[in-house]
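Student: fold the following and give me the result.
(chains A and B)
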There are 2 protein chains.
Amino acid sequence: MSISRLSNSRLSCRMGLKMRPKKGNKSKIIEAAIDLFNKDGVGNVGTNRIAAHLQISPGNLYYHFRDKEDIIRAIFPEISAATEAALMINEPNLPGEAQLVAIAKNWMTVVWKYRFFYGNLVELLRNDPELRKLYGRRREATLHFIKSALLATRIREKQGKSPLDGESAMRLAINIWIIALNWIRYLQIDKSDAEISEAEITDGAHQIFALLEPYLDEQAAVILRESFK
Amino acid sequence: MSISRLSNSRLSCRMGLKMRPKKGNKSKIIEAAIDLFNKDGVGNVGTNRIAAHLQISPGNLYYHFRDKEDIIRAIFPEISAATEAALMINEPNLPGEAQLVAIAKNWMTVVWKYRFFYGNLVELLRNDPELRKLYGRRREATLHFIKSALLATRIREKQGKSPLDGESAMRLAINIWIIALNWIRYLQIDKSDAEISEAEITDGAHQIFALLEPYLDEQAAVILRESFK
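Tutor: Below is the predicted model of the structure:
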């Protein structure tokens, strides 16, 4: 018997539960919540709806999560990890220009997968101080990473211009951030979720690239432009 | 007796109303709705709440507006007119580089004044096909105007580069649009409405300017940068 199963069974005994909740339900609940939140909106999906969708009892869901906020907080590390992987934050070296398009495309895929989160960020953070703290830290770290990556390219210098200063790099990082996180919302303003195609999500990556294009030299710009065809 | 008062009184007779709704209530209702929507969120403010706030009867409000959607549709022309004025869309000439900062600042003031609208755009348009049509037309026209203004600057040519093509100009216009309309949301992600200061709203204008900076020649960039100090 593994340690995790042992502690799970001990906990069940302590709580006097007759039926031990099925192993793996926790991740199934998270997965179903993401799907339903994306489909019907966070405001329209409660814990009972998630339990009914999975054909488990509300009690079984409450064994894993106190409430909806608790589920969203459990989704957040998944969003953080996916974002870090897309942006190559944990790679030993800062990404080079050749990797920009792949990074932007991967980032947009993450934003699409968790679109309920980005679409409701103001409300979600207002309702949950703990999530606000977690999110604030990730945001700071990610913006700082993007700024460092921009400064590292030294691309303006290669064009004989004065280097990008810290303030301009931070403003550019914030603009990249705003475009990435609001691209799906921009698409939703004209159509319903169902009609948004994968090509349009990739177009968000192209919008991010458009922010960088004036800073790239002609050769890099042409290579990157080609990769969107 | 003016024509508008005459027709108002005739309408009251036809509807068999004993008390004629006060003249000017319509614009008072619109003003109160904007304030309450901004303060407490569109979802939390109903027609009864607006009537109570103005100390008028619900019937008096219904004399002017069928429902909340009807009020929001009545606010929209005000938002359109304010945006057109800020962007100088109806001026005989396209704006020059020297006007960019003033335009961006004025635009951010409009976005702040109607922040409930931009914050809830996805939901508002999803719930009201008529508003969706009105908004879609304004959006098309405004994006086209921004694109034309960008192409008219011919600033890349002045720097000896190939001119901005139509596609790049449209991508830049869309990025400007997304930053302008989501800057307040970006601020709200860290703090509540009450804490957002006028200086931070102006900072949104600086973010828009940062999108244009790499396209400006050194002289124009310095002049515009100075105007944010």
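Student: make it CA atoms for all contacts and neighbour counts henceforth
Tutor: OK.
Student: measure A:Gln188 to B:Gly166 for me?
Tutor: Computed as CA to CA, to the nearest Å, the A:Gln188 to B:Gly166 distance reads 24 Å.
Student: and what about A:His53, helix, strand or coil?
Tutor: helix (DSSP: H, G, I helix; E, B strand; the rest coil).
Student: what comes up buried for the lengthiest helix in chain A?
Tutor: Assignment by DSSP state H gives helix A:129-153 as the longest helix of chain A. Residues of helix A:129-153 classed as buried by neighbour count (16 or more other CA atoms under 10 Å in any protein chain shown): A:131-132, A:135, A:138, A:142-151, A:153.
Student: quick one, which of those residues has the minimum pLDDT?
Tutor: For the buried residues of helix A:129-153, the minimum pLDDT belongs to A:Thr153; the value there is 79.
Student: can you pull the contacts of it?
Tutor: By CA atoms under 8 Å, 6 or more residues apart in numbering or on different chains, the residues touching A:Thr153 are A:96-97.
Student: what residues go with each domain of chain A?
Tutor: Using automatic domain parsing, the domain ranges for chain A come out as A:3-64, A:70-226.
Student: so which of those domains is the most surrounded?
Tutor: Highest mean neighbour count of the domains of chain A: domain A:70-226, a mean of 17 (counted as mean count of other CA atoms under 10 Å in any protein chain shown).
Student: which one of the buried residues of helix A:129-153 is nearest chain B?
Tutor: Closest to chain B out of the buried residues of helix A:129-153 is A:Arg132 (7.6 Å), distances taken as CA to the nearest CA.
Student: report pLDDT for the nearest residue to the closest one once chain neighbours are set aside.
Tutor: The shortest distance from A:Arg132 to any residue other than its chain neighbours is 4.9 Å, reached at A:Leu125 (CA to CA, 6 or more residues apart in numbering or on different chains). On pLDDT, A:Leu125 comes in at 92.
Student: OK, contacts around A:Leu125?
Tutor: Neighbour list for A:Leu125: A:131-132, B:189-190 [criterion: CA under 8 Å, 6+ apart].
Student: and the gap between the residue minimising distance to the centre of chain A and chain B?
Tutor: Central residue of chain A (CA atoms, centre = their mean): A:Ile79, 4.1 Å from the mean position. Going from A:Ile79 to chain B by CA to the nearest CA, to the nearest Å gives 17 Å.
Student: for that residue, report the pLDDT, please.
Tutor: Reported pLDDT for A:Ile79: 97.
Student: and the gap between it and A:Ser57?
Tutor: In terms of CA to CA, A:Ile79 sits 27 Å off from A:Ser57.
Student: so A:Leu94 is in which element?
Tutor: A:Leu94 belongs to no helix or strand when elements are defined using DSSP states H and E.
Student: now A:Met170
Tutor: Using DSSP H and E, A:Met170 falls in helix A:166-188.
Student: hmm, who's touching that helix?
Tutor: So helix A:166-188 is in contact with A:107-108, A:111-112, A:115, A:118-119, A:143-144, A:146-147, A:150-151, A:196, A:200-201, A:204-205, A:207-208, A:211, B:122, B:175, B:178-179, B:182-183, B:186, B:207, B:210-211, going by CA under 8 Å, 6+ apart.
Student: what does stretch A:132-148 give?
Tutor: Against stretch A:132-148 from outside (CA under 8 Å, 6+ apart): A:80, A:89, A:125-126, A:166, A:169-170, A:172-174, A:177, B:190.
Student: nearest to B:Ala51, out of these: which one, please.
Tutor: A:Arg126 (27.4 Å; CA to CA).
Student: could you export the host helix or strand of that closest one as PDB, CA atoms only?
Tutor: Secondary structure assignment for A:Arg126, by DSSP H and E: helix A:121-127. Extracted C-alpha coordinates of helix A:121-127, given in PDB (Å, rounded to 0.1, in the frame of the first residue of the first chain):
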ATOM      1  CA  LEU A 121     -10.000  37.500 -13.600                       C
ATOM      2  CA  VAL A 122     -11.300  40.800 -12.100                       C
ATOM      3  CA  GLU A 123     -14.200  39.100 -10.300                       C
ATOM      4  CA  LEU A 124     -12.200  35.900  -9.300                       C
ATOM      5  CA  LEU A 125      -9.500  38.000  -7.600                       C
ATOM      6  CA  ARG A 126     -12.000  40.400  -6.000                       C
ATOM      7  CA  ASN A 127     -13.800  37.400  -4.400                       C
END
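Student: which residues touch the residue nearest to the centre of chain A?
Tutor: Neighbouring residues of A:Ile79 by CA under 8 Å, 6+ apart: A:110, A:114.
Student: ok so, going back, tell me the one of the contacts of stretch A:132-148 nearest A:Thr47?
Tutor: The closest of the contacts of stretch A:132-148 to A:Thr47 turns out to be A:Leu125 (CA to CA; 18.8 Å).
Student: low-confidence stretches in chain A?
Tutor: Chain A contains residues with pLDDT under 70 at A:1-23, A:155, A:158-159, A:192-194.
Student: rewinding a little: ok, which of the domains of chain A comes nearest B:Gly43?
Tutor: Set against B:Gly43 and scored by CA to CA, the domains of chain A come closest in domain A:3-64, at 10.7 Å.
Student: could you check how far A:Ser197 is from A:Gln188?
Tutor: Taken as CA to CA, the span from A:Ser197 to A:Gln188 is 11 Å.
Student: nope, A:Leu121 is what I was after
Tutor: As judged by CA to CA, A:Leu121 and A:Gln188 stand 15 Å apart.
Student: what of A:Gly24?
Tutor: Distance, A:Gly24 to A:Gln188, by CA to CA: 34 Å.
Student: next one: A:Phe117
Tutor: 14 Å.
Student: for B:Ser227, find the nearest of the domains of chain A.
Tutor: domain A:70-226 (15.6 Å).
Student: spell out which parts of chain A neighbour chain B.
Tutor: Proximity of chain A to chain B (CA under 8 Å from any CA of the partner chain) is limited to residues A:121-122, A:125-126, A:132, A:136, A:168, A:171-172, A:175, A:178-179, A:182-183, A:185-186, A:188-190, A:192, A:207, A:210-211, A:214-215.
Student: all helices for chain A, in order.
Tutor: Under DSSP H, chain A gives helices at A:3-15, A:25-40, A:47-54, A:58-64, A:68-86, A:100-113, A:115-119, A:121-127, A:129-153, A:155-158, A:166-188, A:198-212, A:218-226.
Student: hmm, who's touching the second one?
Tutor: Contacts to helix A:25-40, defined as CA under 8 Å, 6+ apart, come from residues A:42, A:44-45, A:50-51, A:53-54, A:61, A:64, A:71, A:74-75, A:114-116, A:193.
Student: from these, which two are the most distant?
Tutor: By the measure CA to CA, A:His64 and A:Asp193 form the most distant pair in those, at 29.7 Å.
Student: which ones are touching A:Glu78?
Tutor: Residues in contact with A:Glu78 (CA under 8 Å, 6+ apart): none are found.
Student: from memory A:Ser162 sits against B:Pro214, does it?
Tutor: No - here A:Ser162 does not reach B:Pro214: they are 11.6 Å apart, not a contact under CA atoms under 8 Å.
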